[in-house]
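Engineer: I'd like to go over a predicted model; first the sequence, then the structure.
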Amino acid sequence: MSGYGGRRTQAERDAITVEIGYALCSAVFAAAVLYGAVAGPALLFELPDLAEKSLLRAGLALAPLVFVARVVSVLVRFRAEAQPSQPGRTSPDS
């Protein structure tokens, strides 16, 4: 951004759009992998009812948590990298 409260350039808007897309796609992938790892055995093998239901419910509970955690971590990291800690300075030693 050109200044505090200023308008974003097209390049900055594009970078934000790409980062949001990356955050969502990587979060979907991470949640799917986690669900497959946790609930996969219940779907592939003949397990007792309690174990099968427990694995499926654990997968359904953990996948959304991983999705949200991944989106938040990617977007927070992007925001931290986009904003300089000391505006106008080129390095911490200056």
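Structural biologist: Here it is on my side, so go on.
Engineer: element containing Val38?
Structural biologist: helix 10-44 (DSSP states H and E).
Engineer: next SSE after that helix?
Structural biologist: Heading C-terminal from helix 10-44 (DSSP H and E), you reach helix 49-82.
Engineer: just the angle for that next one relative to helix 10-44, thanks.
Structural biologist: Helix 49-82 runs at 170 degrees relative to helix 10-44, counting by axes from the mean of the first three to the mean of the last three Cα atoms, to 10 degrees.
Engineer: so for helix 49-82, mean pLDDT?
Structural biologist: Across helix 49-82, pLDDT averages out at 93.
Engineer: against which helices or strands is that helix packed?
Structural biologist: For helix 49-82, the elements it packs on are helix 10-44, judged by 3 or more Cβ pairs under 8 Å, 6 or more residues apart in numbering; DSSP states H and E. (C-beta placed from N, C-alpha, C; glycine too.)
Engineer: for the helix it packs on, buried residues please.
Structural biologist: Residues Glu19, Ala23, Ala27, Ala30, Ala31, Leu34, Tyr35, Val38, Ala39, Ala42 are the ones in helix 10-44 that count as buried (16 or more other Cβ atoms under 10 Å).
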